[in-house]
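Enquirer: Got a sequence here, can you model it:
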Amino acid sequence: MAVEKVAEPDYKATIIVDGLEGRQKQLFTNQIRSLGVRHKTVRGVRDETDAFIRLADALCGFTRAGLHDHSVFASMLKQAQDKKYIIAL
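Expert: Numbering: from 1, shown residues only. Prediction:
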């Protein structure tokens with residue numbers, strides 16, 4: 001998992017998820033805990049109000065387009081992987 005790959009041994013992650021609320025938040029928190037991810041908080045936000053979520057959303061869209069062979073995005077995705085900007089998909 002990405003958190004464990006880069007985090008210090010005594011980390012506590014702040015996890016932000018687009019559109020997470022109510023019962024879904026509790027289920028997600030339980031799943032994260034069962035995976036052994038230590039967290040300080042789990043928050044749900046709306047993408048139009050959080051710049052970080054908008055960035056993550058854009059990167060996911062870019063990756064999806066690259067994986068589905070949209071020519072421009074496929075070549076840029078390959079470059080990002082070659083330069084290790086993207087480590088694993």
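
Enquirer: how about the helices in the chain?
Expert: Assigned by DSSP state H, the helices in the chain fall at 2-6, 22-34, 51-67, 71-82.

Enquirer: Contacts for the first one, please.
Expert: Pointing back at helix 2-6 there. 11, 13, 37 (Cβ atoms under 8 Å, 6 or more residues apart in numbering). (Glycine included, C-beta is placed from N, CA and C.)

Enquirer: Scan those and report the most crowded one.
Expert: When neighbours are taken as other Cβ atoms under 10 Å, the top entry among those is Val37 (19 neighbours).

Enquirer: Asp10 is in contact with Lys40, correct?
Expert: No: Lys40 is beyond contact range of Asp10, at 11.9 Å (criterion: Cβ atoms under 8 Å).

Enquirer: Looking at those two, which is more packed in?
Expert: For Lys40 versus Asp10, neighbours defined as other Cβ under 10 Å are more numerous around Lys40 (9 against 6).

Enquirer: Can you tell me how far the more buried one is from Arg33?
Expert: Note on Lys40: its distance to Arg33, by Cβ to Cβ, to the nearest Å, is 12 Å.

Enquirer: Could you do Val72 as well?
Expert: Separation of Val72 from Arg33 (Cβ to Cβ): 40 Å.

Enquirer: ditto for Ile86
Expert: Taking Cβ to Cβ, one finds Ile86 at 27 Å from Arg33.

Enquirer: Same drill for the two, tell me which one is more crowded.
Expert: Ile86 (16 against 12).

Enquirer: Skip the chain neighbours and tell me the closest residue to the more buried one.
Expert: Nearest non-adjacent residue to Ile86, counting by Cβ to Cβ, 6 or more residues apart in numbering: Ala80, 4.6 Å away.

Enquirer: Kindly state the pLDDT recorded for the one you found?
Expert: If you check Ala80, the pLDDT there is 91.

Enquirer: and it, how many neighbours?
Expert: If we define neighbours as other Cβ under 10 Å, then Ala80 has 16 of them.

Enquirer: ok, now Leu35?
Expert: Using other Cβ under 10 Å, Leu35 is surrounded by 10 other residues.

Enquirer: got it, and Gly22?
Expert: Gly22 has 8 nearby residues by other Cβ under 10 Å.
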